[in-house]
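Q: Coordinates only, no sequence provided:
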């Protein structure tokens, strides 16, 4: 019988897919929420925490995500700090993803002509309202391709969670392959799952960019 028709293995893959989706959605949402205020703060040339944010961004983008996950899950217990597998994976992936989103949004803000902020001020808008109504929508529009691409990278990066004892999609496929030796069939199904998730994200990007084009007409 084909391994893919075994109810036990189907359930294992389904559970792994749910865990992959859960981790990916949390990482994508939280990393975007955290990156926005950091990117806004970076617009202050003399900000007190500017160098600290630059250092964080450099380290988070330069360090391998796998090394971050190992440090959180296997390294922290040596210091008396114990994290469960899921929090370890979430913290590591969010730590890395936020840094990339920060840079994409920072670049988006810096691509906006300086005159727009001055024009909004001349119209009587307060700084908070200026950012909310003028700057942030434009920054996201300019950074959208990079942000959506990073979301896809984080979905694929969630497979690293299998190395810190999380039963996500890649971990489930590894177990099934080790028991059945049907690597091609299993990996083909897993690849289709990842492809479908990426296709959904790309479809959302297309819808977002289409709405942005319509709103500018």
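A: On my side now, so go ahead. Computed from a predicted model, the values in this text were never measured in an experiment. Residues are numbered from 1 along each chain as shown.

Q: Past the lengthiest helix in the chain, which element shows up next along the chain?
A: With DSSP state H setting the assignment, residue counts place helix 7-41 as the longest helix in the chain. Under the assignment DSSP states H and E, the closest C-terminal helix or strand after helix 7-41 is helix 50-62.

Q: So which bits of that following helix are buried?
A: Burial within helix 50-62, assessed by neighbour count using 16 or more other C-beta atoms under 10 Å, is assigned to 53, 56, 57, 60. The C-beta positions use only the backbone N, C-alpha and C, and glycine is treated the same way.

Q: how close does the second one get to residue 139?
A: Residue 56 is 20 Å from residue 139, where distance means C-beta to C-beta, to the nearest Å.

Q: ok now stretch 9-28, how far from the chain's centre?
A: 15 Å (C-alpha atoms, centre = their mean, to the nearest Å).

Q: Go ahead and name everything in contact with the helix or strand of the chain with the lowest mean pLDDT.
A: Between all helices and strands in the chain, the lowest mean by mean pLDDT, DSSP states H and E belongs to helix 114-122, at a mean of 76. The contact list for helix 114-122, computed with C-beta atoms under 8 Å, 6 or more residues apart in numbering, reads 127, 129, 130, 133, 134, 135, 138.

Q: so which helix or strand takes in the second one?
A: Remark: residue 129 resides in helix 127-130, with elements defined by DSSP H and E.

Q: was I right about residue 111 contacting residue 141?
A: No - with contact taken as C-beta atoms under 8 Å, residue 111 and residue 141 are classed as non-touching, separated by 9.9 Å.

Q: okay, the two: which has more neighbours?
A: Set residue 111 next to residue 141 and count neighbours by other C-beta atoms under 10 Å: residue 141 wins out with 18 against 12.

Q: helix, strand or coil for that one?
A: Following DSSP: H, G, I helix; E, B strand; the rest coil, we place residue 141 in the helix state.

Q: burial count for residue 36?
A: Around residue 36 sit 19 other residues, with neighbours defined as other C-beta under 10 Å.

Q: need the contact list for it.
A: Contacts of residue 36 by C-beta under 8 Å, 6+ apart are 105, 136.

Q: Check the gap between it and residue 106 for me.
A: 10 Å.

Q: which stretches of the chain have low pLDDT?
A: Counting by pLDDT under 70, the ranges of the chain that qualify are 1-4, 216-217.

Q: Who's the closest spatial neighbour of the most centrally placed residue in it, skipping the chain neighbours?
A: Within the chain, the residue whose C-alpha comes closest to the C-alpha centroid is residue 28; the distance, by C-alpha atoms, centre = their mean, is 3.7 Å. Closest residue to residue 28 in three dimensions, ignoring its sequence neighbours and counting by C-beta to C-beta, 6 or more residues apart in numbering: residue 151, at 4.8 Å.
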